[in-house]
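# output the structure for:
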Amino acid sequence: MSEKIKIKLTVADRVYPLTISPDQEASLRSSAKKVDEMSKQLQQNYAVRDKQDVLAMCALQYAAQLENQLEKNNLKESPSDKVSELIDLIDVHLSNY
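Okay, the predicted model is just below:
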């Protein structure tokens, strides 16, 4: 079991203390930086003052990006591609007999 470390991340001018495994640190710091940058950009572009509104807008944008990426990944591999792949596996397996 890996040892836990304590870090502090600042997002939207608030400090969040976390206890995490060391392998999570880089991605969490990068993510916190991206959210913080996006929140500042949203505050400037839309003159939003309420931090909760800004963070909700950040969450919505990142969730939309994730949904778009998931849709793209699902479109890349259609069910017929998967069926063809399975048929090929069965053919290879049966040819060994």
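
# CA atoms for contacts and neighbours, from now on please.
Noted.

# helix or strand for the residue most central in space within the chain, just tell me which one.
With distances taken as CA atoms, centre = their mean, Leu66 lies nearest the centre of the chain, 6.4 Å away. Element membership for Leu66, per DSSP states H and E: helix 51-76.

# who are the packing partners of that helix?
Counting contacts by 3 or more CA pairs under 8 Å, 6 or more residues apart in numbering; DSSP states H and E, helix 51-76 packs against helix 25-46.

# show me what the helix it packs on is packed against.
strand 5-11, helix 51-76.

# and Thr19, which of those is closest to it?
Checking these against Thr19 by CA to CA gives strand 5-11 as the closest, at 4.5 Å.

# what residue ranges in this protein score low on pLDDT?
1-2, 75-79, 96-97 (pLDDT under 70).

# mind doing that once more with 80?
1-2, 73-82, 85-86, 88-89, 91-97 (pLDDT under 80).

# any idea how far the residue nearest to the centre of the chain is from Gln52?
Leu66 sits 21 Å away from Gln52, taking CA to CA, to the nearest Å as the criterion.

# ditto for Gln41
15 Å.

# among the two, which residue is more densely surrounded?
More crowded of Gln41 and Gln52, by other CA atoms under 10 Å: Gln41, with 14 against 11.

# quick one: the helix or strand just after the helix holding Leu66 to chain centroid distance?
With elements assigned by DSSP H and E, the helix or strand that comes after helix 51-76 is helix 79-95. In terms of CA atoms, centre = their mean, to the nearest Å, the centre of helix 79-95 is found 32 Å from the chain centre.

# quick one: buried residues of helix 79-95?
Within helix 79-95, no residue counts as buried by 16 or more other CA atoms under 10 Å.

# how about stretch 46-53?
Lys51.

# ok, now stretch 10-27?
Those would be 11-12, 25, for stretch 10-27 by 16+ other CA under 10 Å.

# ok, stretch 32-43 next?
32-33, 35-36, 38-40, 42-43.

# closest to Leu70 among those residues?
Val35 (20.3 Å).

# isn't that closest one right next to Ala56, touching?
No: Val35 is not in contact with Ala56 according to CA atoms under 8 Å; the separation is 10.7 Å.
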